[in-house]
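Enquirer: Any chance you could fold what I've pasted below:
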Amino acid sequence: MAENANNNPPETLAITVTEEKNYINEPKVEENPISTSKTPLKSLQMRHLVLPLALVTFLLSLPFLFQSIWLIYVQQYDCEGLLKSLPRLQVVVAIGLIVTFFVSNGVVYSRTRFPAPGLILVMVPLVVMFIVGISFGGSFKMETRQIPASPRWLKMKVNSNSNWNNIKSCLYDTRICRDLEARSYNLQFYDFSTSKLSPLESGCCKPPSICEMEYVNATYWNKSNKEIYTGRGSDMDMGVPYDEDCDFWRNDETILCYDCHNCKEGFLKTLESKWLKLGTFLVVLSVLLMISHLLLFIGTMLEQNGGKDI
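Expert: Predicted coordinates for the structure are as follows:
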């Protein structure tokens with residue numbers, strides 16, 4: 001009995017210490033799941049934002065591919081190929097668009113492995129496309145005539161006599177004026193004057209309205225008996241090119257107004273309209289893709305850091 005009484009206190013003490021140790025360790029076991037569960041949750045939320053951004057970036061790159069196919073297969077407008085630099089430039093732009101398309105989607109595919117190098121890599125062709133686009137629009141204040149397809153370059157090439165002689169022969173071969181005559185054969189003057197003509201049809205197939213010629217049909221006009229002012233000593237402020245166009249006009253279908261300044265302006269407007277649209281396309285899509293790739297890069301970095309600040 002005495003031995004049992006002496007042994008009881010140590011056993012009670014051992015049990016008490018064990019219980020206290022278990023009580024102290026319990027909060028530590030509960031803290032770990034809470035702290036580790038926050039990171040996957042935030043990472044999952046960022047992934048839901050990054051995936052739509054990747055899809056948007058891919059969709060924004062598709063017009064680059066479609067535009068390159070159009071440039072390769074449609075080639076150029078009538079007689080544009082006579083300005084030899086333009087067909088080569090068109091092919092170069094098409095190749096640049098294809099390269100930009102594949103680089104953009106390659107960066108999207110490998111964004112988790114090479115986020116920073118990928119962003120730098122895709123920005124290079126996008127910046128090049130942006131600069132090419134604004135040059136087509138003539139946005140450079142110090143623009144020179146050495147930039148192909150810029151407004152000043154096009155004007156210089158079209159106004160060159162050697163180029164224009166070939167261009168006007170090509171325009172005649174396209175039968176643009178014959179088609180206009182056949183299309184408006186039964187139209188009266190009022191109906192013809194209110195019909196919408198292309199810059200080439202208006203400039204090359206009919207005399208300027210300032211000449212006040214009598215309408216017979218779309219490509220045949222009788223000169224009136226009124227004196228054609230040249231602007232010298234006259235109170236009327238008439239530009240010399242219009243006066244010269246009145247003298248250049250002939251009812252011969254091989255001549256018509258192909259030598260007129262208006263015809264050159266019509267051809268020039270056609271070219272400028274095409275390259276301006278292409279330049280606007282390049283500028284807008286390049287800016288949108290730059291923004292999309294930048295947001296995708298930020299989202300990828302946040303995803304890899306578990307939603308924490310970069």
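Enquirer: can you count the residues close to Asn161?
Expert: Using other C-beta atoms under 10 Å, Asn161 has 6 neighbouring residues. Quick note: C-beta positions are derived from backbone N, CA and C, even for glycine.
Enquirer: Any figure for the gap between it and Glu80?
Expert: Asn161 is 18 Å from Glu80, where distance means C-beta to C-beta, to the nearest Å.
Enquirer: can you check Arg113 too?
Expert: For Arg113 relative to Glu80 (C-beta to C-beta), the value is 44 Å.
Enquirer: out of the two, which sits in the more crowded spot?
Expert: Between Arg113 and Glu80, Glu80 has the larger neighbour count (other C-beta under 10 Å), namely 19 against 8.
Enquirer: Tell me who's in contact with the more buried one.
Expert: Leu86, Pro87, Leu271, Lys274 (C-beta atoms under 8 Å, 6 or more residues apart in numbering).
Enquirer: With His293 instead?
Expert: Per C-beta under 8 Å, 6+ apart, neighbours of His293: Thr57, Ser104, Val107, Leu119, Val122, Met123, Leu126.
Enquirer: Secondary structure for those residues - can I get that in JSON lines?
Expert: Listed next are the contacts of His293 as JSON lines, based on DSSP: H, G, I helix; E, B strand; the rest coil:
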{"residue": "Thr57", "secondary structure": "helix"}
{"residue": "Ser104", "secondary structure": "helix"}
{"residue": "Val107", "secondary structure": "helix"}
{"residue": "Leu119", "secondary structure": "helix"}
{"residue": "Val122", "secondary structure": "helix"}
{"residue": "Met123", "secondary structure": "helix"}
{"residue": "Leu126", "secondary structure": "helix"}
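Enquirer: When you filter the residues you listed down to buried only, what's left?
Expert: Thr57, Ser104, Val107, Leu119, Val122, Met123, Leu126 (16 or more other C-beta atoms under 10 Å).
Enquirer: Check the contacts of His293 and tell me the two furthest apart.
Expert: The span of the contacts of His293, defined through C-beta to C-beta, is set by Thr57 and Met123 at 13.0 Å.
Enquirer: re the thing from before, using a markdown table, please lay out the contacts of Glu80 together with secondary structure, distance to Leu62 and pLDDT.
Expert: Listed next are these as a markdown table, based on DSSP: H, G, I helix; E, B strand; the rest coil; distance: C-beta to C-beta, whole Å; pLDDT from 0 to 100:
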| residue | secondary structure | distance to Leu62 | pLDDT |
| --- | --- | --- | --- |
| Leu86 | helix | 26 | 89 |
| Pro87 | helix | 25 | 88 |
| Leu271 | helix | 27 | 92 |
| Lys274 | helix | 21 | 91 |
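Enquirer: Grab the nearest non-local neighbour of Leu285.
Expert: Leaving aside its sequence neighbours, Leu285 sits nearest to Pro63 (C-beta to C-beta, 6 or more residues apart in numbering; 5.8 Å).
Enquirer: what is the mean pLDDT for the host helix or strand of the one you found?
Expert: Assigned by DSSP states H and E, Pro63 belongs to helix 2-74. Average pLDDT, helix 2-74: 64.
Enquirer: Same question for stretch 101-116.
Expert: Across stretch 101-116, pLDDT averages out at 90.
Enquirer: so how far does that stretch reach from one end to the other?
Expert: Counting by C-alpha to C-alpha, to the nearest Å, you get 19 Å between the two ends of stretch 101-116.
Enquirer: Show me which residues of that stretch are buried.
Expert: Phe101, Val103, Ser104, Asn105, Val107, Val108, Arg111, Pro115.
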